[in-house]
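K.L.:
one predicted model, sequence on top.
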Amino acid sequence: MSTVAIVLAADSGPGFPGPKYLTPIHNVPLLQHVVNDAVTWPVDDVFVVLGADAEQVIDAVDFKNLTIVIDPEWSEGAASPLRAGLDLASRNRSTRRCVIARGDQPGIDADSIGALVDAVVDAEADAAVPKYRYSVGWPVVLEFSIWEHLLGSEGSVDILDFVTSHASSVEEVWFDHLAPATYTTAEDLP
């Protein structure tokens, strides 16, 4: 049974001075930080779902042989890039779980991903979510039994709400630190 990570990096990020995922963080594009993290994760493959500014992002980021998925419907809402990544993952019948990560949240290390995947496997749970000092966050791990329901989603979808309302068993993995920073808007930049 294999595990795939899906990095969602399709939104345009209104308010950013240029393409959101090329915004420099310590002189390195935001998405490059996440790609550098993702290649260390204990997963069998990593898909990076792009949408807005995809051509510019592809030219500027070293994807290190990760699989790039371009979602032409990214502007329809958060469900579209999620569907694109899950659709590709579902084509390999040996893939049983997905790590859903954000392309605007660098700093997720291999140990954290490993702990989340292990929690799902060990407890035979539908999902696992990190709990950073009492606050649930990203990334999340979904077993096929729950992710198949997301393939029909449309518009805007909040994955954390989806997990709490659709999973019969969710493991919370506690981390004794705050969640790594997420750069959702330009105001979040350091």
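P.N.:
Structure received.

K.L.:
bridged to the residue most central in space within the chain, which residues?
P.N.:
The residue lying closest to the centre of the chain (CA atoms, centre = their mean) is residue 101, at 1.7 Å. Under the criterion DSSP bridges, residue 101 forms beta bridges with residue 7.

K.L.:
so it sits against residue 5, correct?
P.N.:
Yes: if you go by CB atoms under 8 Å, residue 101 and residue 5 touch, sitting 5.9 Å apart. C-betas here are computed from N, CA, C, even on glycine.

K.L.:
quick check: neighbours shared by these two?
P.N.:
The contact sets of residue 101 and residue 5 overlap at 38, 139 (CB atoms under 8 Å, 6 or more residues apart in numbering).

K.L.:
and stretch 41-56, what's buried?
P.N.:
Residues 41, 43, 45-54 are the ones in stretch 41-56 that count as buried (16 or more other CB atoms under 10 Å).

K.L.:
looking at those, which is nearest residue 188?
P.N.:
Of all these, residue 52 has the smallest distance to residue 188: 17.2 Å, by CB to CB.

K.L.:
ok, now which ones touch the closest one?
P.N.:
10-13, 19-20, 74-75.

K.L.:
out of those, which is most surrounded?
P.N.:
Of all the contacts of residue 52, the highest neighbour tally under other CB atoms under 10 Å goes to residue 10, namely 29 neighbours.

K.L.:
got the residue ranges for the strands in the chain?
P.N.:
If DSSP state E is used as the criterion, the strands of the chain fall at 2-9, 24-25, 28-29, 45-50, 67-70, 95-102, 127-132, 135-136, 140-143, 170-175.

K.L.:
now the ones you listed as a markdown table including distance to residue 83 and mean pLDDT?
P.N.:
Output for these, formatted as a markdown table (distance: least, CB to CB, whole Å; pLDDT from 0 to 100):
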| stretch | distance to residue 83 | mean pLDDT |
| --- | --- | --- |
| strand 2-9 | 10 | 97 |
| strand 24-25 | 28 | 94 |
| strand 28-29 | 25 | 97 |
| strand 45-50 | 9 | 98 |
| strand 67-70 | 10 | 98 |
| strand 95-102 | 12 | 97 |
| strand 127-132 | 17 | 97 |
| strand 135-136 | 23 | 94 |
| strand 140-143 | 13 | 96 |
| strand 170-175 | 21 | 96 |
